[in-house]
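Asks: give me coordinates for this.
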Amino acid sequence: MKRIDQTVIGPKGNCFSACLAMMLGLDIREVPNFCDAQGFDEDPGPAFMRYAHAWLAGKGWGHITLDAPNMVFKRHHSRGYVIASGMTKRGFLHSVIYKDGELWHDPHPDHSGIDAVLEVDLIFPLNPSKFPALIEEVEKLRGENAVLKSKLNSPEILDFVSAIQREAAHQRERWGTQNDKGKSPEDWMWLIAYLSTKATQAARYKDTEKYLHHIITTAAACLNWHANAIGANTEMKPGAPEPATGEKGKEG
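Replies: You can find the predicted model right below:
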């Protein structure tokens, strides 16, 4: 997308026109200044938007303005290009282009941006079928999605993931403890090394059942390490002593 500067400055500047030109791939001379709308001086906001909506509809585009305080914008409207509006240090409501939640281009000559995002303007095709490239891209993404779903839903993947989850729960039951021993990253590293070594030894002796089992136990330990690291589940302490026979957590 090409950066374009506005050609009219001041209270009736054409910053919004420059933003539309960038979004739609037009020359700014092809986009009217919506501040020239009939009735703008008496009721600027509605007059401006009526003119903008009518012009965009004539080009096959729809337009919606969303209230988007800065915090909300960052959280929910931060992907891709959008027209964002807010107050400037010059004291005017101003429109700029944001990309992925950050200022991408301010069409004003000083390029200083806006103080905070107050509104977001979204542009969408009224008849998507008139945009074959868009339809082609959507169909391509649908095809890729179908392939990924088929791969993820294969019996091998599902069985592996299910087995890891069961083993991870078993490990937490076996190694769960209320004391603080065994919480260091080094303990996790040694546990992973120990389990993966058992897998390689089983493979060396051609014990397929134990080989596959220890691959699962290694992966499950990684899952528990990750859960411990993010604080989601800190029950498993790999450096703690094994529970005595008859205690809760005994291996069955």
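Asks: check which helix or strand His63 maps to.
Replies: Here His63, judged by DSSP states H and E, is contained in strand 61-67.
Asks: do Pro46 as well
Replies: Here Pro46, judged by DSSP H and E, is contained in helix 44-58.
Asks: output the contacting helices and strands for that helix.
Replies: Counting contacts by 3 or more CB pairs under 8 Å, 6 or more residues apart in numbering; DSSP states H and E, helix 44-58 packs against helix 15-24, strand 61-67. For glycine as for every other residue, the C-beta is placed from the backbone atoms N, C-alpha and C.
Asks: so which of the ones you listed is the most surrounded?
Replies: helix 15-24 (a mean of 23; mean count of other CB atoms under 10 Å).
Asks: sorry, back to before: for the helices and strands packed on helix 44-58, which one sits closest to Ile135?
Replies: For Ile135, the closest of the helices and strands packed on helix 44-58 is strand 61-67, at 16.1 Å, according to CB to CB.
Asks: may I have the closest one as PDB, with CA atoms only?
Replies: The C-alpha coordinates for strand 61-67 follow below in PDB (Å, rounded to 0.1, in the frame of the first residue of the first chain):
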ATOM      1  CA  TRP A  61     -17.700  -0.200  -0.900                       C
ATOM      2  CA  GLY A  62     -19.400  -0.200   2.500                       C
ATOM      3  CA  HIS A  63     -18.200   1.800   5.500                       C
ATOM      4  CA  ILE A  64     -18.700   1.500   9.200                       C
ATOM      5  CA  THR A  65     -17.300   3.600  12.100                       C
ATOM      6  CA  LEU A  66     -16.700   1.900  15.400                       C
ATOM      7  CA  ASP A  67     -16.100   3.600  18.700                       C
END
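Asks: per-residue confidence for Arg75?
Replies: For Arg75, the pLDDT comes out at 51.
Asks: going forward, count from 9.
Replies: Renumbered: residue one is now 9, and that last one reads Arg83.
Asks: show me where the stretch 9-158 of the chain has strands.
Replies: For the stretch 9-158 of the chain, strands defined by DSSP state E, counting those that start in this stretch occupy the ranges 69-75, 89-95, 101-107, 110-113, 127-133.
Asks: CSV for the ones you listed, including distance to Met9 and mean pLDDT?
Replies: Listed next are those as CSV, based on distance: least, CB to CB, whole Å; pLDDT from 0 to 100:
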stretch, distance to Met9, mean pLDDT
strand 69-75, 16, 86
strand 89-95, 7, 91
strand 101-107, 8, 93
strand 110-113, 8, 93
strand 127-133, 12, 87
